[in-house]
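**Student:** Dropping the sequence and predicted coords here.
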Number of protein chains: 2
Amino acid sequence: MKIELSNFLIFAIMVSILSFIEALWLYKWVKKQKSSNSQVLEIGKLIRQGANTFLAKEYKKLAYFCGVVVIFIFLFLPSPVWSGNIIDNIVMALAYICGTIFSAIAGKVGISIATIANVKAAEAAQEGIEKSFMSGFRGGAVMGMAVVGSSLLGVTLIYILTGDTTALLGFSFGASSLALFAKAGGGIFTKTADISADLVGKVELGIPEDDPRNPAVIADNVGDNVGDVAGMGADLFDSNVAAMAAALVMAVALDKTSTNMMNTSMVFCYGAIGLLASIIGVASARIGKNGNPTRALNNSTYVTTAIFGILTFLVTLFFGFEWRIWGASAIGLIIGVVIGIATNYFTDDSKKPVHAVAKSSESGPAFTILSGISYGLISVLPAIVGIALSALVAYKLCEPLGDGYAMFGISMSALGMLSIVGMIISNDAYGPIVDNARGLVEMGELGDKALEITDSLDSAGNTVKAVTKGFAIGAAGLTVIALLGAFISEVNTVALELGKETITNFDIMNPLVFFGLLVGSGIPVVFSAMLMLGVEKNAQRMVDEIHRQFNEIDGLKEGKKGVIPEYDKCISIATDGAMKELIPAGLMAIVATLLVGFIGGVQAIGGFLTGNIISGLLFALFMSNSGGLWDNTKKYVEAGNNGGKGSRAHKSAVVGDTVGDPFKDTAGPSINTQITVVSLVASLMSTIFLTISLFG
Amino acid sequence: MKIELSNFLIFAIMVSILSFIEALWLYKWVKKQKSSNSQVLEIGKLIRQGANTFLAKEYKKLAYFCGVVVIFIFLFLPSPVWSGNIIDNIVMALAYICGTIFSAIAGKVGISIATIANVKAAEAAQEGIEKSFMSGFRGGAVMGMAVVGSSLLGVTLIYILTGDTTALLGFSFGASSLALFAKAGGGIFTKTADISADLVGKVELGIPEDDPRNPAVIADNVGDNVGDVAGMGADLFDSNVAAMAAALVMAVALDKTSTNMMNTSMVFCYGAIGLLASIIGVASARIGKNGNPTRALNNSTYVTTAIFGILTFLVTLFFGFEWRIWGASAIGLIIGVVIGIATNYFTDDSKKPVHAVAKSSESGPAFTILSGISYGLISVLPAIVGIALSALVAYKLCEPLGDGYAMFGISMSALGMLSIVGMIISNDAYGPIVDNARGLVEMGELGDKALEITDSLDSAGNTVKAVTKGFAIGAAGLTVIALLGAFISEVNTVALELGKETITNFDIMNPLVFFGLLVGSGIPVVFSAMLMLGVEKNAQRMVDEIHRQFNEIDGLKEGKKGVIPEYDKCISIATDGAMKELIPAGLMAIVATLLVGFIGGVQAIGGFLTGNIISGLLFALFMSNSGGLWDNTKKYVEAGNNGGKGSRAHKSAVVGDTVGDPFKDTAGPSINTQITVVSLVASLMSTIFLTISLFG
């Protein structure tokens, strides 16, 4: 059948709308679930208010930040306003703004539903696992559908309205800016609250987790939402947009010389099919009366994967798309699953690494740390080799199609890996919702049976999270490789306009490239360290506040009826601190990019991006996996192994878990965003780096 | 004056001999110092025997390993024996054997003197700081002179005898093989013993460090010698030889087209001047009656640096060497000093990082770990930017001299940074000697005054060690960059012979290069993790043995007169375990190199080496600096800060120190060796990778 780009654009828009309809339906379904317990409702309200406070402050800071960036974009991008076409600069600035707004709305929707679904899941747990699971899952799925639907819709609309791929990079940059705030800021927030609550509550006073007397307990539950729901959603919105933007930059360039817009059509078609597969996967998710929640979550992921594989096969056959490109995207999907399974091995509590770390913990916390770090480091290998292999195979597969197809193949491989992102977000957002539900069951005293059920739901969330996190990092890795391709494509477009030499390679033996490689590799390392120090500093502030409240509020420590801590003070500290600690880290990464660009020009930037990707992947994988491993080791010991609760192994495992918290929820996953931001800054600045640089 | 290569070769040999004469003189000086206390002599003897046992076992294992490698070299290198000239293969095999033997002899000499000097320094401490310091320093200097003298002599002789730079790579590979065993094996040994001794002694039983009742105490002291003296010596022997070999490979290639052998002459001349400067620096070292040992050590380093700078300036003027190349080596030396100072900032107990980690420790061990890791990660930046800058400047400085000079400039920059290596080894070997002396003072009950003096000597050793370690890693970084240049040079020589295309670049956008980059970056990560797990496993075995002895030997725990633990059992466990745990890690790195080479050919290997260098530098710096930071934090708290001994901060700091031990003494510094081994394997296998590979 004849390929007509406009048909695929319409198809993409229709699927996006379908995802919104599903989201709305799920939203309503969750909303109409029973909630009658006034105490649970009251606490739920506090959490919702706290999350909204954070979001409001975050979006306000972001607005200032974006204001500055928008002025900068208007003045300099895609080319200085005095030397180019002013309309281009306005379009770019608007695209940037749209990127932030689309992502912000999706985040807001996600938070809204998550802070309803947690209450519903908590109450439903009194009646059994089925409704409770469905409340959690469908709440998460609203977020999944909203994120992927709006990212696909945004990209498609920007493309239709501007027809310009550079504007897509602007849109993507907007999404990245938001992700930086949402993911890194949310990450600092959530761990500040989590660590402080544990430190004073569990360690000093020996009161249980989620005890309502603890002034940080609401902040802790808010943190789950702002870090893991909104933050993670923004992160994957960002990756998804970046992957589509990178693919489209190359596809449009390739289609310039072709008769039809086949490659561009293919990107939209595959993107839409990925979302469609997730829509079906979400709708198909079920759990029996005594079902296994982990299996239910994984099954719907497999359904989605299979649907994507089959549907893309059919459209490729039907429209005569290139099989090699289909192959590249299939490879991406398969490698994604393999990375997920490998990640699971290193964090699953039925596998050797968890058992080994638990055993080491018997000798004291130093051994928990040493063995956890060691297994975390080893866990890097399968993922990194997987990414390397899928890039290599995708490249070699598509190379025979002609110049430029090889890099396009890699971007399609990334898109393949990200195709099931709707499902991934749904599963991922499920985690914090049921984690919250568990807290509500505890605080609302809904009974032991409900606690048991929410515990099992929570544990499934943790297991699935490890897998999806591996997937997300893998996809981000491939995406940034594709962005490197997009960067070259951008540079060469500009170079041709300026009558300069085009770039055909980045030679490692070129000292500028090597200089960039080394410096670039240092950035994610320092970035993650700054975030972790930020968490620590902020936690110190909150610990002081918790102490103050316990000392100054009469009857709080003793749990006197009616005495309520000042929850909002803790929420403010976490919020303000998160923003304060985040900005230097983000600026450092951006300033380093500019410095390297002005010193070494585009060659140095090519190296810089590569170094950034490499060390970013290493540290993101290491930190996420070590963190997950420690978390599950603690749970494994608490389940009665190696001495169980209260034993030496348990005390050590708690130390590991505390170290792992900012590893896995702040630093590790924020690195993705940092890499994307840096890649996009570099791509957008290419004109300027081409004209002004010391050695370049 | 006219440049005559033979004069410089003679000069290099003469300086080497001069260094041996100085070593002999120092050896005799140390030996004639007083030692009369029979208890100290007895324990000293146990340490010496233990170290010799380890060395004997290590060299035996190494002999098997080398046997296999030699057969392999004979069959395949520099080209398969059936297709090339058999003499070349024999020369290569012999060069390899010489590399291992030269390094082994230097290590043996170092151990011999260190296990005498420790006893002398201990007894001298009863009389004051002066003699005690000089015994420690001159003992270390014997090692310094032996290592640098024999590396310079070895390289010069191989060059004179074979005139073949590929044989130099073989010699260097021999040195690397030994370094792998000595540094990584010694690192596992020393930390096995250290951790186990502390765990049972200090933590479980509450007996002091270096208590003679502890069955692991001798192994612990042996560990200082085999890990920090022999291991570190072999490591720097390896770096020094690799730097000279890399520089010579390029110099000889450049001189092929020139009228005189200027570049080759310059390498030998600068190498010899570096050693000469160290000879003078060592001879000039003095400490007053109440002098400051840190200042004494640093002063002699500065003297050496200045002498090297001045002398190379003069010879360059005199012989009309290229000023640009002199500049490159001067840049290397300056950046080396800067890296040392930066490293010092992150580990010095009068600076912010140590204070911050100590403060964090008040909140518990998790915070010690988090802040220590964070500062360790940040500490990577100055060094990595320094290395990047010196490579860039050296390249740009020498580029105008013609094709190939740019990379040669980098290798001369590495040589400049390593020029004062004789002094560095002297200072570095001083550390374990006085550490041992402190142990002997304690075990031999030589009194509080002696303990105080050896404590201050020990502390100076720790401070200086951080600086020299930064230096060593920086130099290794530049060296491996130079080895990358040597690799290309080798590949192209072979390619020309085979009539294949020569390589002019490694393009990051080439998927094979990118594949190599990613996989290569994973290797140091996994390698270091395997070593750390090795330490942990081995420590577990030794802890069991210590428990057994305390349980089974009557009166041991109570310290009954005449009851001696079975020290040798612990030494055997540490030795056997070290070799057992090391081999899989080493094989992993070598096999990965071969796999990548056979899959992707020389292009993939180029990427692989680069990825290996980048992540290797990151992790080596991070681990060494975090470890040093934790070590000094513990000492800082023990000095009475943040609550002092026994406080919560102290308990946390001890956990940090235990985690830091294998970081800084096993994994971190072994990464250098791993990178060199892999680089040399790649260079030596270039012919084979050129002819056989899947995608290449």
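**Tutor:** Here it is on my side, so go on.
**Student:** Show me what from the stretch 401-550 of chain A comes close to chain B.
**Tutor:** Taking Cβ under 8 Å from any Cβ of the partner chain as the contact definition, the stretch 401-550 of chain A meets chain B at A:406-407, A:410, A:481, A:484-485, A:488, A:504-515, A:517-519, A:521-522, A:525-526, A:528-530, A:532-533, A:535-536, A:540, A:543. Just so you know, the C-beta spots here come from the backbone N, C-alpha and C atoms, and that holds for glycine as well.
**Student:** Let's see that with 7 Å instead.
**Tutor:** By the rule Cβ under 7 Å from any Cβ of the partner chain, the part of the stretch 401-550 of chain A lying against chain B is A:406, A:488, A:505-509, A:511, A:514-515, A:517-519, A:521-522, A:525-526, A:528-529, A:532-533, A:536.
**Student:** do the stretch 151-300 of chain A as well
**Tutor:** A:Leu199.
**Student:** can you give me the helices in the stretch 151-300 of chain A?
**Tutor:** A:165-179, A:186-197, A:217-223, A:232-255, A:262-284, A:293-319 (DSSP state H, counting those that start in this stretch).
**Student:** circling back: give me the subset of the residues of the stretch 401-550 of chain A next to chain B lying in helices.
**Tutor:** A:406, A:488, A:511, A:514-515, A:517-519, A:521-522, A:525-526, A:528-529, A:532-533, A:536 (DSSP state H).
**Student:** how about the lengthiest helix in chain A, does it reach chain B?
**Tutor:** Assignment by DSSP H gives helix A:567-638 as the longest helix of chain A. Yes: shown here: helix A:567-638 in contact with chain B (Cβ under 7 Å from any Cβ) through A:606, A:610-611, A:614-615, A:618.
**Student:** Just the buried ones from these, in PyMOL syntax?
**Tutor:** Those of these that count as buried under 16 or more other Cβ atoms under 10 Å in any protein chain shown are selected in PyMOL with:
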select buried, chain A and resi 606+610+611+614+615+618
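**Student:** what about the residue nearest to A:Ile43 when sequence neighbours are not counted, how many neighbours?
**Tutor:** Nearest in space to A:Ile43, with sequence neighbours left out and distances taken as Cβ to Cβ, 6 or more residues apart in numbering or on different chains, is A:Met443 at 5.2 Å. A:Met443 has 24 neighbours, counted by other Cβ atoms under 10 Å in any protein chain shown.
**Student:** same check, this time on A:Leu370
**Tutor:** By other Cβ under 10 Å, neighbour count at A:Leu370 equals 27.
**Student:** pretty sure it is touching B:Gly660, no?
**Tutor:** No: contact criterion Cβ atoms under 7 Å: A:Leu370 and B:Gly660 do not qualify, at 9.8 Å.
**Student:** Could you tell me which residues within the helix or strand in which A:Lys28 is found count as buried?
**Tutor:** Here A:Lys28 sits within helix A:5-31, counting by DSSP states H and E. For helix A:5-31, burial by neighbour count (16+ other Cβ under 10 Å) applies to A:5, A:8-9, A:11-13, A:15-16, A:18-20, A:22-23, A:26-27, A:29-30.
**Student:** next one: stretch A:292-300
**Tutor:** Buried, per 16+ other Cβ under 10 Å, within stretch A:292-300: A:293-294, A:296-300.
**Student:** ok, now stretch A:395-402?
**Tutor:** Neighbour-count burial for stretch A:395-402, counted by 16+ other Cβ under 10 Å, picks out A:395-399, A:401.
**Student:** from the chain's centre, how far out does it sit?
**Tutor:** 30 Å (Cα atoms, centre = their mean, to the nearest Å).
**Student:** Show me what the mean pLDDT comes to for that stretch.
**Tutor:** Confidence for stretch A:395-402, expressed as mean pLDDT, is 90.
**Student:** residues in contact with that stretch?
**Tutor:** Outside of stretch A:395-402, the residues within contact range by Cβ atoms under 7 Å, 6 or more residues apart in numbering or on different chains are A:322, A:324-325, A:327-328, A:405-406, A:408-410, B:511, B:695.
**Student:** Separate out the buried members of those residues.
**Tutor:** A:322, A:324-325, A:327-328, A:405-406, A:408-410, B:511.
**Student:** and of these, the nearest to B:Tyr64?
**Tutor:** Nearest to B:Tyr64 among the buried ones among the contacts of stretch A:395-402: B:Pro511, at 39.1 Å, using Cβ to Cβ.
**Student:** Report whether the expected contact of the closest one with A:Ser390 is present.
**Tutor:** No: contact criterion Cβ under 7 Å: B:Pro511 and A:Ser390 do not qualify, at 10.6 Å.
**Student:** Run the angle between whatever helix or strand A:Val357 lives in and helix A:567-638 for me.
**Tutor:** Taking DSSP H and E as the definition, A:Val357 sits inside helix A:352-361. For helix A:352-361 against helix A:567-638, the angle by axes from the mean of the first three to the mean of the last three Cα atoms, to 10 degrees is 100 degrees.
**Student:** With just CA atoms, put helix A:352-361 into CSV.
**Tutor:** What follows is helix A:352-361, C-alpha atoms only, in CSV (Å, rounded to 0.1, in the frame of the first residue of the first chain):
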residue,chain,number,x,y,z
LYS,A,352,22.6,-15.0,44.5
PRO,A,353,23.6,-11.4,44.8
VAL,A,354,20.9,-10.6,47.4
HIS,A,355,21.8,-13.7,49.4
ALA,A,356,25.5,-12.9,49.2
VAL,A,357,25.0,-9.3,50.4
ALA,A,358,22.8,-10.6,53.2
LYS,A,359,25.4,-13.1,54.2
SER,A,360,28.1,-10.4,54.2
SER,A,361,25.9,-8.2,56.3
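**Student:** Quick check: the residue of the stretch 101-250 of chain A nearest chain B.
**Tutor:** A:Leu199 (6.6 Å; Cβ to the nearest Cβ).
**Student:** what's the closest non-adjacent residue to that residue?
**Tutor:** According to Cβ to Cβ, 6+ apart, the nearest residue to A:Leu199 is A:Val543 (5.9 Å).
**Student:** again, but for A:Val70
**Tutor:** A:Ala93 is the one closest to A:Val70 (Cβ to Cβ, 6+ apart), at 5.0 Å.
**Student:** so what's that neighbour up against?
**Tutor:** Taking Cβ under 7 Å, 6+ apart as the definition, contacts of A:Ala93 comprise A:70, A:73-74.
**Student:** Low-confidence bits of chain A, can you list those?
**Tutor:** Within chain A, the stretches with pLDDT under 70 are A:1, A:696.
**Student:** try 50
**Tutor:** Counting by pLDDT under 50, chain A contains no low-confidence residues.
**Student:** Please pick out the residue of it most distant from its centre.
**Tutor:** A:Asp554 (41.9 Å; Cα atoms, centre = their mean).
**Student:** Just want the phi and psi numbers for it.
**Tutor:** Main-chain torsions, A:Asp554, degrees, to the nearest 10: phi -60, psi 130.
**Student:** and it, what is it in contact with?
**Tutor:** Applying Cβ under 7 Å, 6+ apart, no residues contact A:Asp554.
**Student:** and with 8 Å instead?
**Tutor:** A:560, A:563 (Cβ atoms under 8 Å, 6 or more residues apart in numbering or on different chains).
**Student:** Look up how far chain B lies from it.
**Tutor:** 27 Å (Cβ to the nearest Cβ, to the nearest Å).
**Student:** ok, residues contacting stretch A:309-320?
**Tutor:** Stretch A:309-320 is touched from outside by A:1, A:3, A:265, A:269-270, A:273, A:276-277, A:321-323, A:326, A:329-330, A:333, A:419, with contacts defined as Cβ under 8 Å, 6+ apart.
**Student:** Actually, stretch A:577-593.
**Tutor:** Contacts of stretch A:577-593 (Cβ under 8 Å, 6+ apart): A:54, A:57-58, A:61, A:180-181, A:184-186, A:188-189, A:192, A:519, A:523, A:526-527, A:530-531, A:533-535, A:537-538, A:541-542, A:605, A:608, A:674, A:677-678, A:681-682, A:685.
**Student:** How about it, which residues are buried there?
**Tutor:** Here stretch A:577-593 shows A:577-583, A:585-586, A:588-590, A:592-593 as buried, counting by 16+ other Cβ under 10 Å.
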